[in-house]
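Visitor: Next input, structure requested:
(one chain, ligands or ions: 1)
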Amino acid sequence: MRLGRANLDRLPSAISRPAYDVSRVTPGIVHLGLGAFHRAHQAVVIDDCLAAGATGWGIIGASLRSPDTRDALAPQDHLYTIAVRAAEGTAYRVIGSLIGSEVARENPARLVARMADAATRIVSLTVTEKGYCHTPQTGDLDERHPDIVHDLNNPDAPRSAPGYIVAALARRRAQGLAPFTVLCCDNLAANGHTVQRIVTQFAALRSKDLGKWISDSVAFPCTMVDRIVPETTDADRAAVSRALGMDDAWPVMTEPFTQWVVEDRFSAGRPDLAAAGVELVADVKPFELMKLRLLNASHSALAYLGYLAGYETIADTMADPHFARLAAQVMEEAAVTLTMPAGTDLTAYRASLLKRFANPALHHRTWQIAMDGSQKLPQRLLGAMQDRLNRNLPIATHALAVAGWMRYVTATDERGRAIDVRDPLAKEFAAIASGTGPIAERLAPALLGVAKVFGPFGADPRFRDAVTSALHSLYADGARRTVAGL
Ligand code: CS2
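Guide: Residues are numbered from 1 along each chain as shown. Here you go, the predicted model:
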């Protein structure tokens with residue numbers, strides 16, 4: 001038996017399910033990037049909104065490339081389960097807010113038409129950092145990105161997220177329809193502003209007028225999104241199907257914690273997000289910096305150094321007290337660079353992060369978080385390091401995290417085995433590493449010269465010396481001893 005609308009009544013009573021008639025939900029949101037994170041985060045909030053009666057806000061999810069999610073979910077009426085895992089046990093909930101799916105690559109025109117449809121009032125995105133085709137260091141559109149070059153030549157059959165957004169907005173403008181809100185839910189610095197800049201720059205390459213119209217009339221609220229969502233494994237699928245008593249081809253694994261802070265600027269309305277637990281604020285920036293510099297920075301530090309030390313998951317890494325201290329120290333260094341609104345308890349926040357990372361029921365692989373470091377380092381680590389150096393404060397722990405990344409992207413681990421490095425710049429890093437050899441004094445400055453990641457900061461001697469010395473220890477003593485000696 002397969003999960004589906006006709007079988008909802010046959011689920012065991014312990015499994016939560018949509019508290020509304022899923023067949024009456026109509027689309028209001030098109031979401032680009034139908035991955036696990038979206039399904040465990042925004043889609044759950046929208047599920048709550050639908051349960052509260054906002055039935056016009058169903059989600060059509062689009063994968064830009066792969067048909068896999070659509071192929072798994074369409075046969076089950078797009079219903080799927082989230083398994084919320086804690087040390088004490090797992091809670092299962094079937095989500096009904098996703099009501100359709102598209103695979104952009106198979107039919108670009110249909111996705112553009114969906115986005116341009118008057119019913120679509122929000123286009124949200126989780127396409128990961130690299131999906132915006134920008135230069136991470138500057139936040140500008142990378143005009144030479146192959147997908148951007150393609151999309152300029154094929155404006156109605158795009159490939160990239162900016163290409164889709166601009167194609168659909170241009171169509172709405174031509175038809176005299178109001179624009180939708182573009183809601184970025186990726187971990188970029190100043191995500192709304194950054195995506196606004198990228199999209200406007202791309203539109204202006206098509207036409208100056210279009211660029212101006214987008215910059216004048218489209219809302220790009222900033223958001224801070226947070227929920228830890230490891231990749232689903234076959235064992236997870238089997239466990240969920242057992243609990244349900246029926247098959248779910250692609251459930252999502254997650255943790256109890258969830259947070260979404262959103263700037264309240266929408267050009268075409270929104271559901272009552274506050275009633276579903278979303279924090280609507282005038283300025284997201286402090287929350288976003290808090291999350292990127294405390295959670296994501298220490299996550300990346302644990303991922304690179306934990307991987308090098310031979311740990312498979314974040315929970316395994318955190319079970320080593322030296323690495324738990326490493327995470328706490330990254331947070332300690334970053335915390336002084338944050339200015340939070342009155343009433344924010346950063347000490348409690350940091351303690352809760354350490355607890356979340358240690359959650360033994362979540363198998364969050366260090367390898368998964370280590371992906372795409374070139375796109376993540378600036379907002380997670382480099383900004384805080386610059387702020388600290390501006391105040392003449394030491395940066396040793398952050399430097400060790402950056403050195404861990406360097407050691408990782410050489411693509412050879414401490415025992416000489418190959419590392420499967422996933423990063424848009426992986427080839428460039430591997431070429432640099434093979435040119436310098438495993439010598440910290442050569443490798444560190446060479447990698448710091450990659451301007452797309454480090455920009456002018458790469459030439460700062462205080463930064464270079466701190467990272468070189470940390471990388472030197474990693475080569476001399478290995479990750480475990482270096483972290484233990486912090
Ligand atoms: C992680 C994030 O994979 C990564 O880089 O740091 O996906 C992290 O789990 C989320 O941002 C948590 O909200």
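Visitor: Check the chain and tell me which residue is nearest its centre.
Guide: Ranked by distance to the mean C-alpha position of the chain (C-alpha atoms, centre = their mean), the top residue is Asp186 at 4.4 Å.
Visitor: Show me which residues of stretch 417-432 are buried.
Guide: For stretch 417-432, a neighbour-count test (16 or more other C-beta atoms under 10 Å) marks 419, 421, 423, 425-426, 428-430, 432 as buried. For every residue, glycine as well, the C-beta is placed using N, CA and C.
Visitor: OK, contacts around the residue nearest to the centre of the chain?
Guide: 125-129, 131-132, 225 (C-beta atoms under 8 Å, 6 or more residues apart in numbering).
Visitor: Would you mind naming what in the stretch 351-486 of the chain lies close to the ligand?
Guide: 368-369, 376 (C-beta under 6 Å from any ligand atom).
Visitor: Burial check on the residue in the stretch 351-486 of the chain positioned nearest to the ligand, number of neighbours?
Guide: The minimum distance from the stretch 351-486 of the chain to the ligand, using C-beta to the nearest ligand atom, falls at Ile369 (4.0 Å). Using other C-beta atoms under 10 Å, Ile369 has 23 neighbouring residues.
Visitor: re earlier: just the buried residues of stretch 417-432: which are in helices?
Guide: If you go by DSSP state H, the buried residues of stretch 417-432 have 426, 428-430, 432 in helices.
Visitor: now these as CSV including distance to His38 and pLDDT?
Guide: Below are these laid out as CSV (distance: C-beta to C-beta, whole Å; pLDDT from 0 to 100):
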residue, distance to His38, pLDDT
Ala426, 25, 98
Glu428, 30, 98
Phe429, 29, 98
Ala430, 31, 98
Ile432, 34, 98
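Visitor: now the residues you listed in CSV, with distance to Asp9?
Guide: Formatted as CSV, these follow (distance: C-beta to C-beta, whole Å):
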residue, distance to Asp9
Ala426, 49
Glu428, 55
Phe429, 53
Ala430, 54
Ile432, 59
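Visitor: related to what we said a few turns ago, tell me the one among the contacts of Asp186 nearest to the ligand.
Guide: The closest of the contacts of Asp186, once distances to the ligand are taken by C-beta to the nearest ligand atom, is Val225, at 6.2 Å.
Visitor: That closest one - how many residues pack around it?
Guide: 21.
Visitor: Surely it is in a helix?
Guide: No: assessed with DSSP: H, G, I helix; E, B strand; the rest coil, Val225 is strand; it does not lie in a helix.
Visitor: List the buried residues in stretch 478-486.
Guide: 478-480, 482-484.
Visitor: Need the contact partners of the longest helix along the chain.
Guide: Counting residues, the longest helix in the chain under DSSP H turns out to be helix 461-484. Outside helix 461-484, the residues that touch it by C-beta under 8 Å, 6+ apart are 305-306, 308-310, 320, 322-323, 326, 385, 389, 394-396, 399-400, 402-404, 406-407, 414, 438-441, 443-445, 448, 457-458, 485.
Visitor: what separates the residue nearest to the centre of the chain from the ligand, distance-wise?
Guide: As judged by C-beta to the nearest ligand atom, to the nearest Å, Asp186 and the ligand stand 9 Å apart.
Visitor: Just to be sure, that residue is in a helix?
Guide: No: according to three-state DSSP, Asp186 belongs to no helix; its state is coil.
Visitor: Setting the sequence-adjacent residues aside, check what's closest to Leu294.
Guide: Met331 (5.0 Å; C-beta to C-beta, 6 or more residues apart in numbering).
Visitor: Show me what the helix or strand hosting that neighbour is packed up against.
Guide: Element membership of Met331 [criterion: DSSP states H and E] is helix 321-335. Under the contact definition 3 or more C-beta pairs under 8 Å, 6 or more residues apart in numbering; DSSP states H and E, helix 321-335 sits against helix 297-308, helix 314-318, helix 346-358, helix 383-390, helix 396-409, helix 461-484.
Visitor: now that helix against helix 383-390, angle please.
Guide: Relative orientation of helix 321-335 and helix 383-390, computed by axes from the mean of the first three to the mean of the last three C-alpha atoms, to 10 degrees: 70 degrees.
Visitor: hmm, helix 321-335 touching the ligand?
Guide: No: using C-beta under 6 Å from any ligand atom, helix 321-335 never reaches the ligand; the gap is at least 11.9 Å.
Visitor: Now do that helix: everything it contacts.
Guide: By C-beta under 8 Å, 6+ apart, the list of residues contacting helix 321-335 from outside reads 293-294, 297-298, 301-302, 305-306, 309, 311, 317-318, 346, 350, 353-354, 357-358, 384, 388, 393, 395, 397-398, 400-401, 480, 483-484, 486.
Visitor: Could you pick out the buried ones from these?
Guide: Counted by 16+ other C-beta under 10 Å, the contacts of helix 321-335 give 293-294, 297-298, 301-302, 305-306, 309, 311, 317-318, 350, 353, 357-358, 384, 388, 395, 397-398, 400-401, 480, 483-484 as buried.
Visitor: Quick one: name the residues of the stretch 51-200 of the chain near the ligand.
Guide: By C-beta under 6 Å from any ligand atom, the residues of the stretch 51-200 of the chain that approach the ligand are Asn187.
Visitor: Return the mean pLDDT over stretch 152-160, rounded to an integer.
Guide: Taken as a whole, stretch 152-160 has an average pLDDT of 97.
Visitor: Not counting that stretch itself, show me its contacts.
Guide: 64, 104-105, 108-109, 112, 131, 133, 145, 147-148, 150-151, 163-164, 166-167, 170, 202, 205-206.
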